[in-house]
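S.K.: What follows is a predicted protein model with its sequence.
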Amino acid sequence: VAAKHEPRPGSPTHELVESVYERFQPDVLVIEGLERSKGFSPERFIRSVRTAIENNREIMSESPYAASLAAGDDVPVIGGEPDTERTTIVLREAGYDDRDILGYLIARNSVQARRNFGDDELQERMNANIRRLCRRFEIEQAMDFEGFKEWFRQETGTEFTSSNVRKALMPTIGREENPLQQMNIKVILERDRCIVTLLAELLDEHEKVMIVY
């Protein structure tokens, strides 16, 4: 299922995920946003998606929604993502410092945040997200959202807007124009290696593998 990111159950994306799941009846489900190393149906994650469904959570993206369907049938769920530290390691090995890595992570995170929150909430939400990103990716560089916007202006030559961030993250391989594009290519290739290897292994053991990305 090549999904358009949607934050709310009831969207066309969620309806598509549900209809494919019911028709296909997979042996195993692979989802975006969950690390492969957490294994099959990690207890904490499955408990969180079940709780979200029970509470009719208003914001729930398509990946945990798909996981909730699988969990209801005891179908194993596994993430296709590399460990978060692989992102930091790959970018540091390529010569980027923590300020650039954090700037890239904020840019990527802000695209999703803009889908879920209006401009009034974005500043506050992003400053909280930045603290979480630093902890999750083991980055020591301190930079708030205003500092990020200045970094973005210096590196891309454009002001921070939702449209400009998407453009800055959307490279053609071999024609990268700014550090955001260069870093995104390296991270994408690392993710591709992870998921292709996982799918090869799963298809050796299972007849029907459903992927929601």
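M.R.: Structure received.

S.K.: Residue 110: neighbour count?
M.R.: Number of residues near residue 110 (other CB atoms under 10 Å) recorded here: 24. C-beta here means a position set from N, CA and C on the backbone, and glycine is covered the same way.

S.K.: do you know how far it is from residue 170?
M.R.: Plainly put, residue 110 is 14 Å away from residue 170 if you go by CB to CB, to the nearest Å.

S.K.: just the strands in the protein please.
M.R.: Secondary structure of the chain (DSSP state E): strands at 28-35, 77-81, 209-212.

S.K.: Output those in a markdown table, with mean neighbour count, distance to residue 45 and mean pLDDT appended to each entry.
M.R.: What follows is the strands of the chain, written out as a markdown table (neighbours: other CB atoms under 10 Å; distance: least, CB to CB, whole Å; pLDDT from 0 to 100):
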| stretch | mean neighbour count | distance to residue 45 | mean pLDDT |
| --- | --- | --- | --- |
| strand 28-35 | 21 | 6 | 96 |
| strand 77-81 | 24 | 8 | 97 |
| strand 209-212 | 21 | 14 | 98 |
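
S.K.: for those, which one sits closest to residue 10?
M.R.: Ranking those by proximity to residue 10 (CB to CB) places strand 209-212 first, at 16.5 Å.

S.K.: how about the CA coordinates for the closest one, as CSV?
M.R.: Extracted in CSV, the C-alpha atoms of strand 209-212 (Å, rounded to 0.1, in the frame of the first residue of the first chain):
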residue,chain,number,x,y,z
VAL,A,209,3.5,-9.9,3.1
MET,A,210,1.6,-6.6,3.4
ILE,A,211,3.7,-3.3,3.4
VAL,A,212,2.2,0.0,4.4
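
S.K.: Contacts for it, please.
M.R.: With contact meaning CB atoms under 8 Å, 6 or more residues apart in numbering, strand 209-212 is reached by 1, 3, 17, 20-21, 24, 26-32, 62-63, 66, 80, 195, 199, 202-203.

S.K.: And stretch 44-54, by the same measure?
M.R.: With CB under 8 Å, 6+ apart as the criterion, stretch 44-54 contacts 34, 38, 60, 64-65, 67-68, 71, 77.

S.K.: which residues of this structure score low on pLDDT?
M.R.: 112-122, 171-176 (pLDDT under 70).

S.K.: Centroid-nearest residue for it?
M.R.: The residue lying closest to the centre of the chain (CA atoms, centre = their mean) is residue 33, at 4.5 Å.

S.K.: distance of the nearest residue to residue 94 once chain neighbours are set aside from residue 57?
M.R.: The shortest distance from residue 94 to any non-neighbouring residue, by CB to CB, 6 or more residues apart in numbering, is to residue 186 (5.7 Å). Note on residue 186: its distance to residue 57, by CB to CB, is 34 Å.
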